[in-house]
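S.K.: sequence plus predicted model, see below.
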Amino acid sequence: MIFNSSYQTVDLEIEVMEEEYREWILPLWRENGYANYYSAYLMCASEYWNADQRWETVEGEAINVISGGSDIPAATIGVDGPSSVRQSLIRKALYGLNQANFGSKARGRIAQIPMSEAYLGHVVNALAKPIDGRGEISASEFRLIESTAPGIILRRSVYEPLQTGLIAIDSMIPIGRSQREFIIGDRQTGKTAVATDTILNQQGQNGLCVYVATGQKSSSVAQVVTTLQEKGAMEYTIVVAETADSPATLQYLAPYTGAALAEYFMYRERHTLIIYDDLSKQAQAYHQMSLLLRRPPDRQAYPGDVFYLHSRLLERAAKFSSSLREGSMTALTIVETQLGDVSDYIPTNVISITDGQIFLSADLFNSRIRPAINVGISLSRVGFAAQIKAMKQVAGK
């Protein structure tokens, strides 16, 4: 998995060296129901690697490090499934029988996921595999999971409003297309409800939505999907879900997968809205991975590059210039606080990256004021530039 700007993420495949081992390992994986959810990513310190080079594999608690060879010094493997079964299978696959007859081999391409309009209306995991029981999705195009954010020359300043349907936000804290707005608050204060209402309000506005659920309860994700289906919003929405029981590697990857899906439509001159719910869970997953890899901890035991983790993700939100037909990608970022502490490490990082924040107060929520927006510390750095003339006149009174 990629952890540093000097690394590249490279797709790996497990290759069984002996035919007789293939006969019992692959059926064993299929038996446990997660053969299609196998994922492996390689940390590559160079743009050049030997695709035929093999590495020794050392088993860890949740991350298996592949090392050896001068071109590719380290890698991680994540296999979806119950922890005990996963470790048993990895142990058998990598050390079974004659110990050293299994290895990993680089495919020689940067990690990417398939892309298609057919993803609309589906629930997928961090590898863009459908998990809603509606069958496979056919796609002929591919896009890098981590792509470079558009440059300054390609962008246009914010001038179009993105209507949330919530008068308190549209009048006092306006959000424009391509803006990165931060929704922050304690648990159970209505953060997801604000995001869901915004998705519902995009109906009939020629917009597409991507909802990324990272580290959430399965019941919570199911409730959001049910709401979107009942209101007819799944027709223009993709849900990327890695719940709390998913491996940390996939929780880390899910927001980047969602961004890649939103970018696919943005580059096709469409207006997209992506919601990250929530990035504090992704930071915790990254924290787990870094400790397992024995990375030196920094503030609050997070790795030193946790700011870059979110900045490179949120910078992908943009509105293209007129020469590129003005496709846009707007990001609503959710982070959970503890007892209203907005000065915590992750919230302050995200505040410095985004273009404003909507703070939801637990006291207001318990007083039955919905949405429970604390207007004293909520703001939009775009301001009236993201409002139509009529809204400016009404909001200014």
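M.R.: Done, it's in.
S.K.: so how far is the helix or strand harbouring residue 171 off the chain centroid?
M.R.: Residue 171 belongs to helix 167-172 when assigned by DSSP states H and E. Between the centre of helix 167-172 and the centre of its chain there are 27 Å (C-alpha atoms, centre = their mean, to the nearest Å).
S.K.: buried ones in that helix, by neighbour count?
M.R.: By neighbour count with 16 or more other C-beta atoms under 10 Å, helix 167-172 contains the buried residues 168, 169, 170. Every residue, glycine included, has its C-beta placed from N, CA and C.
S.K.: contacting residues for the second one?
M.R.: Taking C-beta atoms under 8 Å, 6 or more residues apart in numbering as the definition of contact, the neighbours of residue 169 are 175, 194, 358, 371, 373.
S.K.: try residue 357
M.R.: 181, 182, 183, 184, 351, 377, 378, 379.
S.K.: would you agree the first one falls within a strand?
M.R.: By that I understand residue 181. Yes - according to DSSP: H, G, I helix; E, B strand; the rest coil, residue 181 belongs to a strand.
S.K.: so what's the residue count around it?
M.R.: Residue 181 has 29 neighbours, counted by other C-beta atoms under 10 Å.
S.K.: in this structure, which residue is most central in space?
M.R.: residue 255 (0.6 Å; C-alpha atoms, centre = their mean).
S.K.: so for the helix or strand it falls within, what's the average pLDDT?
M.R.: Assessed by DSSP H and E, residue 255 sits inside helix 248-266. Predicted confidence along helix 248-266 averages 94 (mean pLDDT).
S.K.: for it, output the C-alpha coordinates as PDB.
M.R.: Taking C-alpha atoms only, helix 248-266 is exported to PDB below (Å, rounded to 0.1, in the frame of the first residue of the first chain):
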ATOM      1  CA  ALA A 248      -7.600  -1.400   7.600                       C
ATOM      2  CA  THR A 249      -6.000  -1.500   4.200                       C
ATOM      3  CA  LEU A 250      -9.300  -1.400   2.400                       C
ATOM      4  CA  GLN A 251     -10.700   1.300   4.700                       C
ATOM      5  CA  TYR A 252      -7.600   3.300   3.800                       C
ATOM      6  CA  LEU A 253      -8.200   2.800   0.100                       C
ATOM      7  CA  ALA A 254     -12.000   3.400  -0.100                       C
ATOM      8  CA  PRO A 255     -11.900   7.300  -0.300                       C
ATOM      9  CA  TYR A 256      -9.300   7.100  -3.100                       C
ATOM     10  CA  THR A 257     -11.500   4.700  -5.000                       C
ATOM     11  CA  GLY A 258     -14.500   7.000  -4.600                       C
ATOM     12  CA  ALA A 259     -12.500   9.900  -5.800                       C
ATOM     13  CA  ALA A 260     -11.400   8.000  -8.900                       C
ATOM     14  CA  LEU A 261     -15.100   7.100  -9.700                       C
ATOM     15  CA  ALA A 262     -16.100  10.800  -9.300                       C
ATOM     16  CA  GLU A 263     -13.200  11.900 -11.500                       C
ATOM     17  CA  TYR A 264     -14.300   9.600 -14.200                       C
ATOM     18  CA  PHE A 265     -17.500  11.600 -14.600                       C
ATOM     19  CA  MET A 266     -15.800  15.000 -14.000                       C
END
